[in-house]
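Asker: can you look at this prediction? I've put the sequence above it.
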Amino acid sequence: MTYFLLESNKTTSKETYTQIACIMAFCVFSFAYLFFYQQDVLAAAQHVLSEGKTHYGRTVGAILITITLCLLQWGVASFVKLDKWAYALTFFPSLLVLTVITDVSPVIHKGFSFGGWWVAVPLALAVFYWTARQIINNKVTAMTHTTWLRDLWVALALMVAQFLLVGFFSNSQDVFHYRMRMESLIAEGKYDKALKVGRRSLSTDASLTMLRAYALARRDMLGEQFFHYPVECTSRQLLPDGDEVCTLIISDTLINDFAKSRPASVQYRLMGYLVDRDLEHFAALAKRLYPDTIMPRHYAEAMLLYKFYSGKPIPEGENHVVETDFQNFRQVERQYPKEAAPNYLRREFGNTYWYYYKYGRRSHHLIN
């Protein structure tokens, strides 16, 4: 392929080294970018645009797109005939196309749109062509007396600059990438791997929270680990609504049907009460379900809060380790000023229901 891309340009052997380096850098970047970073986003886009009739192949897609972009670059290089370090600029149209196809909107399910690219692409190509003509007409490369090694480094620097522009203008929203990665893994039944996606990040949205709830429920761990993740939803948003809270790769129906089954429906109901901080209704249902047995971790945490606020007794099957942790939580909270307490508490108690109850989304509760 490298020979084919160079065939139309008569260059010295040293200039050929620069061109080969640029071609190799482009191929490596394009394939890696598509294969490792944007594969799930492209899979979602193809699934939505084809209405689920076709499937994006990670390896095949990355190879075909890279080859296509290389052919585009060959055509551009044959047309503008830039040499030396300026040869790196012939990759601009290909990288522009790569940017456009990976700038997938998170709301693509509401309708496909090129957005501002309708204006940006023609303008960018016009600037590219004007720049190329200026370099050729003014004989910039011919008048620049530099060694081929310096040309090589300048060309590679231009390639890197263009790679950075791709990353900057394409879709790099971390939450959207987490969602698409999770959906791809859930579609394959890999719930444990799905739960590791974005685990250390504090960024989230209602759709990502919904996906995590589903994956946890599939592993029967909803009451154990739900608040290990940042939560951004209400009880109604624990399930997809096809609009603001939705899936792109898997079906909303898959999740809704599962949530209606037993015992998942009960776990979703309990978690819904906790998300809304409705301790009264939660306690009433939890007491019936766990009269004398140890509850899942988050349920036990919530029952202690219920006991703390209401003064009412709770089942004897409570987890005494959790009660000790609750006392520690209150002690640490009293040690620090109101503004600093959340940061200190997050380090040790950020994965508890108590932390969510007081410091989570739309919380105005105090634990003293």
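Answerer: Perfect, I can see it now. Numbers count the residues shown, from 1 in each chain.
Asker: how about the secondary structure of the residue nearest to Ile249 when sequence neighbours are not counted?
Answerer: Excluding the flanking residues, the one nearest Ile249 by Cβ to Cβ, 6 or more residues apart in numbering is Glu183, at 3.9 Å. In short, each C-beta sits where N, CA and C put it, glycine included. Counting by DSSP: H, G, I helix; E, B strand; the rest coil, the backbone at Glu183 sits in helix.
Asker: OK, contacts around Glu183?
Answerer: Contacts for Glu183 (Cβ atoms under 8 Å, 6 or more residues apart in numbering) come out as Asp40, Ala44, Leu211, Thr247, Leu248, Ile249, Ile250.
Asker: which of those residues lies closest to His109?
Answerer: Comparing the contacts of Glu183 against His109 with Cβ to Cβ places Leu248 closest, at 5.9 Å.
Asker: any idea which element that closest one lies in?
Answerer: Of the helices and strands defined by DSSP states H and E, none includes Leu248.
Asker: grab the nearest non-local neighbour of it.
Answerer: Per Cβ to Cβ, 6+ apart, closest to Leu248 is Ala44, 4.2 Å.
Asker: closest to the centroid, which residue in the protein?
Answerer: The centroid of the chain falls nearest to His177 when counting by Cα atoms, centre = their mean (1.9 Å).
Asker: that one contacts Ala43, correct?
Answerer: No: taking Cβ atoms under 8 Å as the definition, His177 is not a contact partner of Ala43, at 11.6 Å.
Asker: any idea how far the residue nearest to Ile249 lies from Lys307?
Answerer: Glu183 sits at a distance of 39 Å from Lys307 (criterion: Cβ to Cβ, to the nearest Å).
Asker: cool, Thr16 as well?
Answerer: Counting by Cβ to Cβ, the gap from Thr16 to Lys307 is 78 Å.
Asker: what's the answer for Pro263, then?
Answerer: Distance from Pro263 to Lys307, by Cβ to Cβ: 25 Å.
Asker: those two: which is more packed in?
Answerer: Taking neighbours as other Cβ atoms under 10 Å, Pro263 and Lys307 compare with Lys307 leading, 17 against 10.
Asker: I'd like the next helix or strand past the host helix or strand of Phe176.
Answerer: If you go by DSSP H and E, Phe176 is part of helix 174-187. Using DSSP H and E, the next helix or strand after helix 174-187 towards the C-terminus is helix 191-194.
Asker: list the buried residues for that next one?
Answerer: By neighbour count on 16 or more other Cβ atoms under 10 Å, the buried set for helix 191-194 is Tyr191, Ala194.
Asker: any low-confidence regions in the chain?
Answerer: Within the chain, the ranges that satisfy pLDDT under 70 run 1-13, 140-146, 316-319, 362-368.
Asker: for it, what spans make up the strands?
Answerer: Applying DSSP state E to the chain gives no strands.
Asker: dump the residue contacts of the closest residue in space to Arg346 that isn't next to it in sequence.
Answerer: Leaving aside its sequence neighbours, Arg346 sits nearest to Tyr355 (Cβ to Cβ, 6+ apart; 6.6 Å). Residues near Tyr355 by Cβ under 8 Å, 6+ apart: Phe227, Phe329, Leu345, Arg346, Phe349.
Asker: just checking, the last one touches Gln327?
Answerer: Looking back up the chat, that one is Phe349. No: when contacts are counted by Cβ under 8 Å, Phe349 is not listed as touching Gln327 (11.7 Å).
Asker: more neighbours: these two, which one.
Answerer: Each of Phe349 and Gln327 has its neighbours counted (other Cβ under 10 Å); Phe349 has more, 22 against 10.
Asker: and the gap between the more buried one and Val322?
Answerer: Using Cβ to Cβ, Phe349 is found at 11 Å from Val322.
Asker: for Thr253, same thing?
Answerer: Relative to Val322, Thr253 is positioned 36 Å away (Cβ to Cβ).
Asker: more neighbours: the two, which one.
Answerer: Neighbours were tallied for Thr253 and for Val322 using other Cβ under 10 Å; the higher tally belongs to Val322 (21 against 11).
Asker: now that one: how far from Arg361?
Answerer: Distance of Val322 to Arg361, computed by Cβ to Cβ: 23 Å.
Asker: what does Ala161 give?
Answerer: 40 Å.
Asker: neighbour count: these two, which is higher?
Answerer: Remark: of Ala161 and Arg361, Arg361 carries more neighbours, 14 against 10, as counted by other Cβ under 10 Å.
Asker: ok, now which ones touch the nearest residue to the more buried one once chain neighbours are set aside?
Answerer: Excluding the flanking residues, the one nearest Arg361 by Cβ to Cβ, 6+ apart is Glu232, at 5.8 Å. By Cβ under 8 Å, 6+ apart, Glu232 lies in contact with Thr204, Asp205, Ala206, Leu208, Thr209, Arg361.
Asker: repeat for Ser203
Answerer: Contacts of Ser203 (Cβ under 8 Å, 6+ apart): Asp174, Val175, Tyr178, Pro230.
Asker: kindly report the same for Ala284.
Answerer: Going by Cβ under 8 Å, 6+ apart, the list of residues near Ala284 is empty.
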